[in-house]
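1. Here you go, sequence then predicted model.
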Amino acid sequence: MPDPTPTLHSFAGGELGLWRVDAIARVIGEPLTRVPRLDVRVGSSHTLQQSAWVLQGTSSNARYTSAQEQESLTRIQAGLGRPEALRAALIPIRKSPAWWALAQDQRRAILEEQSRHIRIGMEYLPAIARKLIHCRDLGGEFDFLTWFEYAPEHAPAFEELVRRLRETKEWEYVDREVDIRLCRGRVGSE
Ligand code: HEM
């Protein structure tokens, strides 16, 4: 959910962390180094010690959603940290200078009226829980860190969702994307 109070989120790829890395795939642009684990911190940051890479950003207010979309999202979507959500994906994304040169209304038109990002995404709620982290203004390598959590039985639906979004007009503006798939054991079993 958009978060009117920005909160720091930090993702460190390395030897430590709750999440085991299943795969790191370059979708477009420069890849990220393969690591065995991912550590996620909310409200504090990582140093680069013991990490191959650290990606950071903040939760933020919504940019594009209408009041009606916002209301539907709030009503339907699930929170993070559900016990059954043993799979996750961290998908860092950068958009091109052409995207950032557009005006707000033009970006909204591409994201929703042309690409149906929100409408498509809503079909996968509440199975897929999501968090959008912004990092463009922090000068990081990416503009967004997108985070998703789901139960193993919803993995095929998640594959379908990312495939559909990557076919849209909006994704023509994505010039760097890395797809990191993660899993964890049940609490107490690993
Ligand atoms: C789970 C279903 C999904 C829903 C309901 C959803 C919904 C949304 C919404 C409402 C926004 C706009 C936020 C705002 O107003 O600022 C957004 C932005 C975004 N989403 Fe999704 N999304 C979903 C899945 C995905 C997936 C799978 C990806 C990546 C593969 C993704 C990547 C992004 C990115 C990068 C943005 C930022 C776009 C920008 O500000 O230019 N989303 N999403």
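-> Sure thing, it's come through. Numbers count the residues shown, from 1 in each chain.
2. In the chain, which helix is the longest?
-> helix 155-166 (DSSP state H).
3. Report the buried residues of that helix.
-> Across helix 155-166, burial judged by 16 or more other Cβ atoms under 10 Å covers 158, 161-162, 164-165. (Each C-beta comes from the backbone N, C-alpha and C, glycine too.)
4. So what touches that helix?
-> 27, 87, 89, 91, 115, 117, 120-121, 123-124, 127-128, 148, 150, 171, 179 (Cβ atoms under 8 Å, 6 or more residues apart in numbering).
5. Measure how far that helix is from the centre of its chain, please.
-> 13 Å (Cα atoms, centre = their mean, to the nearest Å).
6. Which helix or which strand is home to the residue nearest in space to the middle of the chain?
-> The centroid of the chain falls nearest to Thr146 when counting by Cα atoms, centre = their mean (1.0 Å). If you go by DSSP states H and E, Thr146 is part of strand 144-150.
7. pLDDT below threshold where in this protein?
-> 1-2, 4, 187-190 (pLDDT under 70).
8. now the strands: where do they sit in it?
-> Here the chain has its strands, by DSSP state E, at 8-14, 19-28, 37-42, 51-58, 87-95, 129-134, 144-150, 174-183.
9. Quick one: residues in contact with the fifth one.
-> The list of residues contacting strand 87-95 from outside it, by Cβ under 8 Å, 6+ apart, reads 11, 19, 29, 32, 38, 55, 141-152, 154-155, 158, 162, 173-184.
10. and what of the first one?
-> Applying Cβ under 8 Å, 6+ apart, the contact partners of strand 8-14 are 21, 32-33, 35-46, 50-59, 90, 131, 133, 145, 147, 180.
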